[in-house]
Structures are given as structure tokens and as C-alpha cells.
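Colleague: Provide a 3D model corresponding to the input given below.
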Amino acid sequence: MEIKFPIEFIVQGTPVSLQADRPAAKAAWKERVKAASSTSLPQPHFVSQDRIALTIYNLPALPMQGDLDNIVKLIVDALVRHIYVDDKQVERIVVQKFEPENGFPFSAPSETLAKALDGPKPSVYIRIISDPFEDLK
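Modeller: I've put the predicted structure just below:
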């Protein structure tokens, strides 16, 4: 089956940094991202050849210890050959952290984003669309 965008899902847990010196932890995190995304996909499905944009919101339980940019690569790589053919298709990535003391009142969050905001922390909310300009129009 063909993937219908947007895809939204929540990954529970603290994201593993690309800089981490723990190959097993990196592999486990990528599998967790892939498994979480599977709940939003038809089974079986074809990977998309479309242009891709990702939104990644990190929702830590405590202030983040590492750099926000270091969590992106493992998430993008986890979705290769699962949602999209190659990470070269990714044309835009929006990534933001929402630490406990820096909440933001979203005016109209999707159902999945609302669950991530109100649910257990730490977690990561991920949204994938096939129109990299959708949010810019």
C-alpha cells in the first residue's frame, strides 16, 4: 500500500545522540523510532519516493543535557527504507525542544501532538509530510 501523508507518531524515551559512544544504544534507538512509526503506516506499505519534510519535537522530562542537533541524524536514518527510499529526499527538517519550564501553548495541535504534549516524558513527536513547502504557504 502507498503511504498517505502526513504521518505522525510519538517515540517514548530519551533520544540517543549521534555523538554517543554506544553503538548498541544507537541501534536500539533507531529500532524504537522505526517501531513507533509503524503504528501510523499501512501494513504492508511501499516506501515513498516523494520529497520529504520532517518536524521533530523533543519533549524531555528535564532540561536537555546534550545538543539538540545531535538527535536528528539517527531519527532520519531510522526511517530510510522504511518511510522513504533515501535520506536525500529529506528537504527540510524543523527541530525544537520543549523543556518542562519552556512550554508553548499550541493553538490547534493535532491529536497526536496533543497526546505527546500531555503524555509521559521524555518523548519525541515526529511529523512527516511529502510537501516540503506545506508549512511555508
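Colleague: What distance do you get for Gln43 to His82?
Modeller: With the distance defined as C-beta to C-beta, to the nearest Å, Gln43 ends up 12 Å from His82. C-betas here are computed from N, CA, C, even on glycine.
Colleague: More neighbours: those two, which one.
Modeller: Higher neighbour count among Gln43 and His82: His82, with 17 against 7, using other C-beta atoms under 10 Å.
Colleague: how about the lengthiest helix in the chain: buried residues?
Modeller: Ranked by residue count and defined by DSSP state H, the top helix of the chain is helix 23-38. With burial defined by 16 or more other C-beta atoms under 10 Å, the residues of helix 23-38 counted as buried are 26, 29-30, 32-34, 36-37.
Colleague: Of all pairs in those, which one spans the longest distance?
Modeller: With distances taken as C-beta to C-beta, the most widely separated pair in the buried residues of helix 23-38 is Lys26 and Ser37, at 17.0 Å.
Colleague: Contacts only, for Asp131.
Modeller: In this structure, Asp131 makes contact with 5, 51, 53, judged by C-beta atoms under 8 Å, 6 or more residues apart in numbering.
Colleague: which residues does the residue most central in space within the chain bridge with?
Modeller: What sits nearest the mean C-alpha location of the chain, by C-alpha atoms, centre = their mean, is Ile126, with 2.9 Å. Residues in a beta bridge with Ile126, per DSSP bridges, are Phe9, Ile56.
Colleague: How much space separates it from Thr55?
Modeller: Ile126 sits 7 Å away from Thr55, taking C-beta to C-beta as the criterion.
Colleague: could you give me the average pLDDT of stretch 93-112?
Modeller: Averaged across stretch 93-112, pLDDT comes to 92.
Colleague: and what of stretch 40-50?
Modeller: The average of the pLDDT scores along stretch 40-50 is 94.
Colleague: Now do the buried residues in it.
Modeller: Neighbour-count burial for stretch 40-50, counted by 16+ other C-beta under 10 Å, picks out 40-41, 47-48, 50.
Colleague: Show the end-to-end separation of stretch 78-95, please.
Modeller: One end of stretch 78-95 sits 16 Å from the other (C-alpha to C-alpha, to the nearest Å).
Colleague: For that stretch, what is the distance to the chain centroid?
Modeller: Stretch 78-95 has its average C-alpha position 10 Å from the chain's average C-alpha position, going by C-alpha atoms, centre = their mean, to the nearest Å.
Colleague: Much appreciated, bye for now.
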